[in-house]
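Q: this one's sequence-less:
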């Protein structure tokens, strides 16, 4: 059961390592523990050695996007200079990658990498169950909590201590990991090379994260997958039955979990994770109302949003809930003004999905909004890459997924 007959495009070993480092430098545990933005500088240096800057083929729409973004954030005096410098480095890296490989190559390599990361990360179950220690020094997550280092994945000490079976992969928490797994699902759907084996591996990995957002997004994207399977299958009744049973199981098992996470009347009853993201949105929304044109300053969340949040919510409730600035998209709009909506369009409604039907593109659009507004990745390489590739069409003529 494979969608369409597209054959994976050829790629070089160099392409594999470039995509791999693009993933690792997008706030993975390696990025957090071994140099942060210094790694970005080293990666850019490597790319410059491959191709001199003057030999880059620049796409006009991407250059305009970059200039517009930089102009928009620098007109605000509250914008942090360090954030602008890092943004320029990320843009430069993304320019090189877009020049070096097409979206088709990037997507195919990305899928392969995440397939193996997903498979290996599922060993987290044995680490927690048997309390297995690693000979490698611990990762330290972005929240300062230690994770045991198993090279291809990390396991939080708290998860082991309290018997919490959640898969974080190579990121500091399961909610961040699910973004990269669901991105592999999106790419496979767009590239029409989603197999049943890949679908199961991605699905099991998403379930292992126990991330409400991740599971919700995977369910939405599954509508595209099953639509193609049912439409092109000779035995439609069989697959409709499977999909129906699958849907009932998801609703029966998942609905109580979602209600538990979002329900309740006070802080003690509700999910702190949900409340944290809810207040992130409320803070950004209110700050945007006060600065709708130029925002409160790119990269100044610590200097501006935290004091504002404490004043808005009250220090006690703020300390209890601890909003973390996870609302990536609304926070970016609040920092840079309403015009920023134009800058996130290539991310949430990318041209490389033009070969899909309108309804399928809308599902992917909603999925991107949910993913990137519950985790803040707008300051990291994956965001810039997705925006740049989002401005480039794959020029695919087919209008829907097919099954062979």
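A: Arrived safely, thanks for sending. Everything numeric in this text was worked out from a predicted model, so none of it was measured. Residues are numbered from 1 along each chain as shown.

Q: Which residue ranges of the stretch 101-250 of the chain form helices?
A: Listed in chain order, the helices of the stretch 101-250 of the chain (DSSP state H, counting those that start in this stretch) span 103-121, 124-130, 157-162, 174-191, 196-209, 212-232, 236-262.

Q: Can you give me the buried ones in the fifth one?
A: Under the neighbour-count criterion of 16 or more other C-beta atoms under 10 Å, helix 196-209 has 198-199, 201-203, 205-206, 208-209 buried. For the C-beta atoms, the positions are set from N, CA and C on the backbone; glycine is no exception.

Q: For the chain, give me the ranges with low pLDDT.
A: 1-10, 246, 249-271, 395-404 (pLDDT under 70).

Q: try 80
A: 1-11, 142-143, 232-274, 320-321, 325, 393-404 (pLDDT under 80).

Q: Provide a list of residues in contact with the most centrally placed residue in it.
A: With distances taken as C-alpha atoms, centre = their mean, the chain has residue 179 as the residue nearest its mean C-alpha position (3.5 Å). If a contact means C-beta atoms under 8 Å, 6 or more residues apart in numbering, then residue 179 has 214, 371-372, 375, 377 as its contacts.

Q: Now rank these by neighbours and give me the top one.
A: residue 214 (27 neighbours; other C-beta atoms under 10 Å).

Q: I figured it was touching residue 206, is that so?
A: Yes: using C-beta atoms under 8 Å, residue 214 is in contact with residue 206, at 4.9 Å.

Q: hey, what's in contact with both of those two?
A: With C-beta under 8 Å, 6+ apart, residue 214 and residue 206 have common neighbours 178, 181-182.

Q: which of these tops the neighbour count?
A: Busiest of those [other C-beta under 10 Å] is residue 178, holding 30 neighbours.

Q: I figured residue 42 hits residue 35, correct?
A: Yes: the pair residue 42 / residue 35 is scored as a contact, 7.5 Å apart, by C-beta under 8 Å.

Q: wait, residue 208 sits on residue 123?
A: No: at 10.6 Å, residue 208 does not count as touching residue 123 under the criterion of C-beta under 8 Å.

Q: Nearest spatial neighbour of residue 157, chain-adjacent residues omitted?
A: Leaving aside its sequence neighbours, residue 157 sits nearest to residue 146 (C-beta to C-beta, 6 or more residues apart in numbering; 5.0 Å).

Q: Make sure that neighbour is actually in contact with residue 137.
A: No: counting by C-beta under 8 Å, residue 146 sits too far from residue 137 to count as a contact (9.6 Å).

Q: returning to that earlier point: in JSON lines, list the buried residues of helix 196-209 along with distance to residue 100.
A: Below are the buried residues of helix 196-209 laid out as JSON lines (distance: C-beta to C-beta, whole Å):
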{"residue": "198", "distance to residue 100": "25"}
{"residue": "199", "distance to residue 100": "29"}
{"residue": "201", "distance to residue 100": "28"}
{"residue": "202", "distance to residue 100": "26"}
{"residue": "203", "distance to residue 100": "32"}
{"residue": "205", "distance to residue 100": "28"}
{"residue": "206", "distance to residue 100": "30"}
{"residue": "208", "distance to residue 100": "33"}
{"residue": "209", "distance to residue 100": "31"}
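
Q: Quick check: closest non-adjacent residue to residue 175.
A: Per C-beta to C-beta, 6+ apart, closest to residue 175 is residue 211, 4.8 Å.

Q: Alright, calling it a day.
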